[in-house]
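Chemist: For reference, the sequence and a predicted model appear below.
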Amino acid sequence: MARVLVVDDDPDARRLIGLVLRRAGHEVLYAGDGVQALEIISQERPDLMILDLMMPGMDGLEVLKAARQRTERATLPVIVLTAKPQTASAADLSFPNVHAHLTKPVSAETLLRAVQEALEPPRPVSVPESRVLEIACGESWPGSAGELLASALACALATNTLTLLADVEGLGRGAMIFDLEPRMTVEDLEAGRDPVQGLIPVHERLQVWSVYGRPSPAVVEWVAKRLAPQAGFLVWMVGDPSKSVAVSIFPQCRRIFFTFESHGPGMRRARLVLRQLEELGLRSPRVQPVWVRRGVAPEQWTEIDVQNRLGGVPIRVWPVDPAVAYRALQRGQSIQEIEPESPSARRIQEWAREILGLSEG
């Protein structure tokens, strides 16, 4: 059983949640505010945090941000519990390792199921043998660079053969890149609906699969089994590379790209992602950190400087014009469709040719 930290300013809510958890055999720690929660996180090292967002003083979002800045606790699993579902969704968008957002009041069954899923170690996705070559694209810092990279690579690969862009980040962003709406929810999948029914044609050789809701590794395993045999290339859009769903996908992928930026938080987060992947036996050349150079200000570091700051791990450099990226998102197209001769598009075409070489080798 696990040590679970319950953070809520309502003593009755703390008591009821703690009762459910103790009956299930868990050890429960309590915090009535954000400051106390951070002290317990550092001193008691819980296995999971159940966090109320709406608290006076330091609210739940501030607790999440402060916890993520403490490298040794940056991957602490979190379940958000709130009376305002729209606020919980915002937390999911902004912070890694938020495994579920539950709306008060929550049943004991729902709470314990979420706790079990958050505590389960990631399971590798097992897919049937297929000619498909799988690529993963994530982003180590919240933003849109990872999804721009995933969509651009998928479009470039689709010039050769049928390609699927599979968004398992869970927010429907994969479809929204192309100004489309996802055809599935997590509830559909849990009810047994065939994931293939969620594919949406984008171009002649490109289809996108996207979902509303946060899929678990078990759900993604089902999605992978159904989608992998459907195309020559399967590009996974995973969001945060350290989340359990992303980690479960990586063993099948020939290349794992993740974007990062050269500001301080972005570099620290990239180093953390690299350490976590290395612990899983995933390293260069399979893992490819992609430095996104947006060109909005003079860059103080060279490629060698950035590479050294990541511990000498080889990196790729992706020049992205913010205006081109914005137009791509605005029009629902990939970057190379907006400006096919731009440095950003040419770099994507180079990487796509490398991936094509992997499929032929």
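Modeler: Good, I have the coordinates.
Chemist: from here on, contacts and neighbour counts on C-alpha atoms
Modeler: OK.
Chemist: how about the strands of the stretch 101-250 of the chain, start to end?
Modeler: Along the stretch 101-250 of the chain, the segments classed as strands by DSSP state E, counting those that start in this stretch run 133-139, 163-167, 184-185, 199-203, 206-209, 211-212, 233-239.
Chemist: Quick one: the ones you listed as CSV, columns for distance to residue 191 too.
Modeler: Converted to CSV, the strands of the stretch 101-250 of the chain look like this (distance: least, CA to CA, whole Å):
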stretch, distance to residue 191
strand 133-139, 26
strand 163-167, 19
strand 184-185, 10
strand 199-203, 17
strand 206-209, 18
strand 211-212, 14
strand 233-239, 23
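Chemist: Show me which positions of the helix or strand where residue 4 lies end up buried.
Modeler: Of the helices and strands defined by DSSP states H and E, residue 4 is found in strand 3-7. The neighbour-count check on strand 3-7 (16 or more other CA atoms under 10 Å) flags 3, 4, 5, 6, 7 as buried.
Chemist: wait, isn't residue 134 in contact with residue 252?
Modeler: Yes - counting by CA atoms under 8 Å, residue 134 does reach residue 252; the two are 6.6 Å apart.
Chemist: More neighbours: the two, which one.
Modeler: Under the criterion of other CA atoms under 10 Å, the comparison of residue 134 against residue 252 puts residue 134 first, with 24 against 17.
Chemist: Run through the residues that contact residue 80.
Modeler: Going by CA atoms under 8 Å, 6 or more residues apart in numbering, residue 80 touches 50, 51, 52, 53, 88, 91, 98, 100, 101, 102.
Chemist: Most neighbours of all those, which one?
Modeler: That'd be residue 52 among these, by other CA under 10 Å, with 30 neighbours.
Chemist: That one pairs with what?
Modeler: Counting by DSSP bridges, residue 52 is bridged to residue 81.
Chemist: packing partners for the strand holding residue 4?
Modeler: The helices and strands touching strand 3-7, judged by 3 or more CA pairs under 8 Å, 6 or more residues apart in numbering; DSSP states H and E, are helix 11-23, strand 27-31, helix 34-44, strand 48-52.
Chemist: which stretch among these comes nearest residue 241?
Modeler: Nearest of these to residue 241, taken as CA to CA: strand 48-52 at 19.0 Å.
Chemist: quick one: average pLDDT of whichever helix or strand comes after the closest one?
Modeler: Per DSSP H and E, the first helix or strand lying C-terminal to strand 48-52 is helix 60-68. Helix 60-68 shows a mean pLDDT of 80.
Chemist: What residues of helix 60-68 count as buried?
Modeler: Buried residues in helix 60-68, counted by 16+ other CA under 10 Å: 60, 61, 63, 64, 67, 68.
Chemist: Save the residues you listed as TSV, and put in distance to residue 212 too.
Modeler: Converted to TSV, the buried residues of helix 60-68 look like this (distance: CA to CA, whole Å):
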residue	distance to residue 212
60	23
61	22
63	26
64	23
67	27
68	25
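Chemist: Report the angle between the strand holding residue 4 and helix 60-68.
Modeler: In terms of direction (axes from the mean of the first three to the mean of the last three CA atoms, to 10 degrees), strand 3-7 departs from helix 60-68 by 140 degrees.
Chemist: Quick check: neighbours of strand 3-7 in the sheet, parallel or antiparallel?
Modeler: strand 27-31 (parallel), strand 48-52 (parallel).
Chemist: just those strands: most buried one?
Modeler: strand 48-52 (a mean of 25; mean count of other CA atoms under 10 Å).
Chemist: chain center to that one, what's the gap?
Modeler: From the chain centre to the centre of strand 48-52 is a distance of 19 Å (CA atoms, centre = their mean, to the nearest Å).
Chemist: hang on, the earlier thing: okay if I get the strands paired with strand 3-7 as JSON lines plus distance to residue 337?
Modeler: Shown next, in JSON lines, are these (distance: least, CA to CA, whole Å):
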{"stretch": "strand 27-31", "distance to residue 337": "51"}
{"stretch": "strand 48-52", "distance to residue 337": "43"}
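Chemist: can you list those in a markdown table and add mean pLDDT?
Modeler: Shown next, in a markdown table, are those (pLDDT from 0 to 100):
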| stretch | mean pLDDT |
| --- | --- |
| strand 27-31 | 94 |
| strand 48-52 | 92 |
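Chemist: Among those strands, which comes closest to residue 243?
Modeler: Nearest to residue 243, of all the strands paired with strand 3-7, is strand 48-52, at 14.1 Å by CA to CA.
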